[in-house]
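Chemist: Take this sequence and fold it.
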Amino acid sequence: MKLHELQDNPGATKRKKRVGRGPGSGMGKMGGRGIKGQKSRSGVAINGYEGGQMPLYQRLPKRGFNKPNRKEFAVVNLGLIQKFIDAGKLDAKKAIDEDALIASGLVRRKRDGVRILAKGDITSKVDISVTGASKSAVEAVEKAGGSLAVAAAAAE
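Modeler: Numbering: from 1, shown residues only. As a prediction, the model looks like this:
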């Protein structure tokens, strides 16, 4: 095979449709847009418009509600805290608070506070103070011999 023998598979490329290039092309004069009307003009965007009929997106029922002042917590699992303690990024002997979690790299941003969830196991005896925690996370930490203090501000 030589360079000049290279070519695409049959049907792999398609020639561009040249619109408005005379009657012989089959797409001349009005270029396939029909006669007059909004859609024959340029700059038309009528997505979702159904010609006076109520559009589909308005006919469908609306459900749900987005709370405008909802709190968004940075979520941390107990298993990850244990992993960071084992790796030496967190000190189990010192009290672990939100600033310590950020300094270790476990949490990127505090947001409205840090919330501890019970996924994973914790074996170290640790004292943690955060904005929020699940009941099972508090139980798991106390079972390991530590304490998990939750700030009163986040109690909802």
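
Chemist: Render the CA-only coordinates of stretch 76-90 in CSV, please.
Modeler: C-alpha atoms of stretch 76-90 as CSV (Å, rounded to 0.1, in the frame of the first residue of the first chain):
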residue,chain,number,x,y,z
VAL,A,76,-17.1,12.8,56.6
ASN,A,77,-17.3,9.0,57.2
LEU,A,78,-15.8,7.4,60.3
GLY,A,79,-13.9,4.9,58.2
LEU,A,80,-12.1,7.8,56.5
ILE,A,81,-11.2,9.4,59.9
GLN,A,82,-9.7,6.0,61.0
LYS,A,83,-7.8,5.8,57.7
PHE,A,84,-6.3,9.2,58.2
ILE,A,85,-5.3,8.4,61.8
ASP,A,86,-3.6,5.2,60.6
ALA,A,87,-1.8,7.2,57.9
GLY,A,88,-0.6,9.7,60.5
LYS,A,89,-2.4,12.6,59.0
LEU,A,90,-4.7,13.0,62.1
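
Chemist: Name the residues of it that are buried.
Modeler: 76, 77, 78, 80, 81, 82, 84, 85, 90 (16 or more other CB atoms under 10 Å). (C-beta placed from N, C-alpha, C; glycine too.)

Chemist: Only alpha carbons, please: show the helix or strand hosting residue 139 as CSV.
Modeler: Assigned by DSSP states H and E, residue 139 belongs to helix 135-143. Output of helix 135-143 as CSV, limited to C-alpha atoms (Å, rounded to 0.1, in the frame of the first residue of the first chain):
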residue,chain,number,x,y,z
LYS,A,135,-26.8,8.8,66.0
SER,A,136,-25.1,5.7,64.8
ALA,A,137,-21.8,7.6,64.3
VAL,A,138,-22.0,8.9,67.9
GLU,A,139,-22.6,5.3,69.1
ALA,A,140,-19.7,3.9,67.1
VAL,A,141,-17.3,6.5,68.5
GLU,A,142,-18.4,5.9,72.1
LYS,A,143,-18.2,2.1,71.6
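
Chemist: got a list of contacts for the following helix or strand past it?
Modeler: Using DSSP H and E, the next helix or strand after helix 135-143 towards the C-terminus is strand 147-150. The contact list for strand 147-150 (CB atoms under 8 Å, 6 or more residues apart in numbering) reads 116, 127, 128, 129, 130, 131, 132, 133, 137, 138, 141, 142.
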